[in-house]
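Asks: A predicted structure for the sequence below; I have some questions about it.
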Amino acid sequence: MLITRYYPRGVKKDRFDRWESALSPSRGLLAAYRTGDKSWDEFRDAFLSELMGSPESVRAIRTLSSLAKVRDVTLLCYERAGLNCHRYVVRDILSTPRLPSDYLGPNGDRPARSGLRR
C-alpha cells in the first residue's frame, strides 16, 4: 500500500495494490520535519494529531487494520528503510490495542476523550 501525499512520478500503478494519501503527513508538516524545524518526536506527535483529526484518515486506518488481519500489508513511501518515516507511525497505530475506531464515533464525531494511548 502506497501511503504518500502525492503520486510518485514514473511509478506504474501495477507496482502496488492501493494508494492511500490519507495516511500521509500534510505537506507543511513534512516540510517542517525535513528542514529540521520539527524533531522526530514533534513530527510524530503532530502526524498523530493530523491522522486522528481527519475522518478520512481514521477510515483509512480502519480499512488498513481490517486488511492486515487477513493478509500481509507492506507500507510504501519515498523514505529509505531504516530512517524515521511516517510508515512507522502508521504501523504503530495498527499495533496498539485501541484503534481510531475507539476515538471517533460511527459518524466520525469526536467523543470527549480523544487521542492515542500508549
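Replies: That came through fine.
Asks: Please pull up the helix or strand immediately following the longest helix out of those in the chain.
Replies: Taking DSSP state H as the criterion, the chain has its longest helix at helix 55-70. Sequence-wise, the next helix or strand downstream of helix 55-70 (DSSP states H and E) is helix 86-95.
Asks: What are the buried residues along the longest helix of the chain?
Replies: By neighbour count on 16 or more other CB atoms under 10 Å, the buried set for helix 55-70 is 57-61, 64-65. C-beta here means a position set from N, CA and C on the backbone, and glycine is covered the same way.
Asks: so residue 17 sits in a helix?
Replies: No: judged by DSSP: H, G, I helix; E, B strand; the rest coil, residue 17 forms no part of a helix; its state is coil.
Asks: In terms of pLDDT, where does the nearest residue to it once chain neighbours are set aside sit?
Replies: Taking CB to CB, 6 or more residues apart in numbering, and ignoring the residues beside it in sequence, residue 17 has residue 1 as its nearest neighbour in space, at 6.4 Å. Looking at residue 1, its pLDDT reads 83.
Asks: Is residue 1 in contact with residue 61, as I believe?
Replies: No: assessed by CB atoms under 8 Å, residue 1 is found out of contact with residue 61, at 11.6 Å.
Asks: Which residues are in contact with each of those two?
Replies: Any residue near both residue 1 and residue 61 by CB atoms under 8 Å, 6 or more residues apart in numbering counts here, and that gives residue 23.
Asks: tell me the centre residue of the protein?
Replies: residue 23 (3.4 Å; CA atoms, centre = their mean).
Asks: Nearest spatial neighbour of that residue, chain-adjacent residues omitted?
Replies: residue 3 (4.0 Å).
Asks: what's the one you found in contact with, if anything?
Replies: Residue 3 touches 19-21, 23-24, 75-77, 86-87, 90, counting by CB under 8 Å, 6+ apart.
Asks: Whichever of those residues end up buried, select them in ChimeraX.
Replies: To isolate the buried members of those in ChimeraX, using 16+ other CB under 10 Å:
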select :19,20,23,24,75,76,77,86,87,90
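Asks: so can I have a markdown table of the contacts of residue 3 showing pLDDT?
Replies: Formatted as a markdown table, the contacts of residue 3 follow (pLDDT from 0 to 100):
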| residue | pLDDT |
| --- | --- |
| 19 | 82 |
| 20 | 86 |
| 21 | 89 |
| 23 | 93 |
| 24 | 92 |
| 75 | 85 |
| 76 | 83 |
| 77 | 84 |
| 86 | 90 |
| 87 | 88 |
| 90 | 91 |
